[in-house]
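Visitor: here you go, sequence then predicted model.
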Amino acid sequence: MTDAIIPPASSSLSEGEIPHSKPLSKEGISPTSSNGEISPTPPSSNEKIPTLSKLVMGGFNDQYYMARALRLAERGLWSTDPNPRVGCVLVRDGEIVGEGWHQAAGEPHAEIHALQMAKEKAAGATCYVTLEPCCHYGRTPPCTDALIKAAVGRVVVAITDPNPLVSSKGIEQLLKAGITVDTGVLSHEAEQLNPGFLMRMRENRPYIRCKLAMSLDGRTAMASGESQWITSTEARSDVQCLRARSSAIMTGAGTVLADDPRLSVRVDELPCQLQPDKQVTIKQPLRVIIDTHLSMPVDARMLSLPGQTVIFTASNSETLKSMLEKAGAHVISVPSRDQAVDLQAVCQRLAEEYEVNEVHMETGATLSGAMLRAGLIDEVVIYMAPILMGNKARGLFNLPDIERLNQHIPLDIVEIRAVGNDWRITAHPINTR
């Protein structure tokens, strides 16, 4: 995959805020997200988080320090894939002596950065970490060994790591070494930070986020297919943040034929101020095309761009497969289901073979409807523009099986946020959670 250097988010933003936007909770307008979900924009790497020594001593506890560790972990929102985003804070005698976050796969974990900062002050300190410390040799040595060697006195863990190579084994090693371990502090917030990694480890598939743009009357394109542009420049910029945090961007062959999209993070459209001294490196997401009959053209624009394009198909045509592979794509045959690609099989292959944590879907009503019916969409992000497009325009999802009101698919709306002149609605399909 091709790396792109992008600047992190502006440090002028308030906690949890993203550019061009303001949230609307069920209680009304509020300065931060009401549900504690992680913003699609990571905080600046030189953002000042006040230390305890500069604050009133009373009232701060495990939740305060874990919240700080989570804020640090957010800095890896665009860069740690396929690893989880993790933050760590070391506290000794009421003073933060070390902190860090995991920045990229293959680089030191959050605990190591914190220990390097603390040095000898780590002895007897309390370690706050957003995910259970690893206890195995992977791309880097075990963090448990480093914590034990540094003689920390206590470890506070937000959530245990569902990776079978860890899965409470790290906690067991720390306990055997005589280190006190507490778990479950701000666990909900820690889960929100790594939905894809946790989904891949627990269910062997990625977390699927379906992005849609629609008019006020629920239309995504004119009957002719014309759809550029329904939403504002600010909304389209906001979408780049969602793309940047994703392992893969998925669409269908129909969208490729109609729009010839790039399916990439457009760095120049990210809503971030330039900070050349503190830059974040991200990978261009894997491009994933669902193409039942291998109808994708060999001259599709994305095939000439840096990065990898994978086509999942139910076709057995070796001729078409060879043509597309010569053009630069990787073609994978999967079983068919209901005369289309088996979407469950696609998700499993993405998790197992490509270590995909989060998939960002931008597609038409046919594929989005099929994914929804298959129970594979975990989150829907709708950008709603203040325009009307008429009853002949196209809808959001193709759901032909719904004929009666009691067959509806319920959604849990977790956030409504203004983005420019548009509204961004984030919801979870209840029957797929």
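Guide: Sure thing, it's come through. Numbering: from 1, shown residues only.
Visitor: ok, which stretches of the stretch 1-150 of the chain are helices?
Guide: Taking DSSP state H, counting those that start in this stretch, the helices of the stretch 1-150 of the chain run over residues 62-73, 110-118, 143-150.
Visitor: quick one: which of those is nearest residue 267?
Guide: For residue 267, the closest of the helices of the stretch 1-150 of the chain is helix 62-73, at 22.8 Å, according to CB to CB. All C-beta atoms are positioned from the backbone trio N, CA, C, and that covers glycine.
Visitor: so for that closest one, mean pLDDT?
Guide: Mean per-residue pLDDT for helix 62-73: 94.
Visitor: start the count at 40 instead of 1 going forward.
Guide: Renumbered: residue one is now 40, and that last one reads helix 101-112.
Visitor: could you dump it to CSV, C-alpha only?
Guide: Extracted in CSV, the C-alpha atoms of helix 101-112 (Å, rounded to 0.1, in the frame of the first residue of the first chain):
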residue,chain,number,x,y,z
ASP,A,101,-8.5,6.4,37.5
GLN,A,102,-11.1,7.7,35.1
TYR,A,103,-9.2,11.0,34.7
TYR,A,104,-5.9,9.3,33.8
MET,A,105,-7.6,6.7,31.6
ALA,A,106,-9.4,9.5,29.7
ARG,A,107,-6.0,11.1,29.1
ALA,A,108,-4.7,7.8,27.8
LEU,A,109,-7.7,7.5,25.5
ARG,A,110,-7.1,11.0,24.2
LEU,A,111,-3.5,10.1,23.5
ALA,A,112,-4.7,6.9,21.7
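Visitor: quick one: contacts for the closest residue to residue 436 other than its chain neighbours?
Guide: Residue nearest to residue 436 in three dimensions, not counting chain neighbours: residue 408, with 4.1 Å by CB to CB, 6 or more residues apart in numbering. Shown in contact with residue 408 (CB atoms under 8 Å, 6 or more residues apart in numbering): 436, 437, 438, 439.
Visitor: the last one is in what secondary structure piece?
Guide: Spelled out, it's residue 439. Residue 439 is part of no helix or strand when elements are defined by DSSP states H and E.
Visitor: confidence score at it?
Guide: For residue 439, pLDDT reads 85.
Visitor: in this structure, what secondary structure element scores lowest on mean pLDDT?
Guide: Scoring the helices and strands of the chain by mean pLDDT, DSSP states H and E places strand 67-68 at the bottom, with a mean of 34.
Visitor: pretty sure residue 456 sits in a strand.
Guide: Yes - assessed with DSSP: H, G, I helix; E, B strand; the rest coil, residue 456 lies in a strand.
Visitor: measure the nearest residue to residue 170 once chain neighbours are set aside to residue 154 for me?
Guide: Nearest residue to residue 170, sequence neighbours excluded (CB to CB, 6+ apart): residue 125, at 4.8 Å. Residue 125 is 14 Å from residue 154, where distance means CB to CB, to the nearest Å.
Visitor: so what's residue 269 up against?
Guide: 252, 253, 254, 259, 260, 422, 424, 426, 428.
Visitor: of those, just the buried ones, ChimeraX syntax please.
Guide: Selection of buried members from those for ChimeraX, criterion 16 or more other CB atoms under 10 Å:
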select :252,253,254,259,260,422,424,428
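Visitor: may I see the contacts of residue 269 arranged in CSV, with distance to residue 389, secondary structure and pLDDT as well?
Guide: Converted to CSV, the contacts of residue 269 look like this (distance: CB to CB, whole Å; DSSP: H, G, I helix; E, B strand; the rest coil; pLDDT from 0 to 100):
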residue, distance to residue 389, secondary structure, pLDDT
252, 24, strand, 92
253, 27, strand, 91
254, 32, strand, 90
259, 25, coil, 83
260, 27, strand, 80
422, 25, strand, 95
424, 31, strand, 92
426, 35, coil, 87
428, 33, coil, 86
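Visitor: ok, the contacts of residue 269 vs residue 112, which is closest?
Guide: residue 422 (26.7 Å).
Visitor: shouldn't the closest one be in contact with residue 253?
Guide: Yes - the criterion here is CB atoms under 8 Å, and residue 422 meets it with residue 253 at 7.3 Å.
Visitor: I appreciate the help and will end here.
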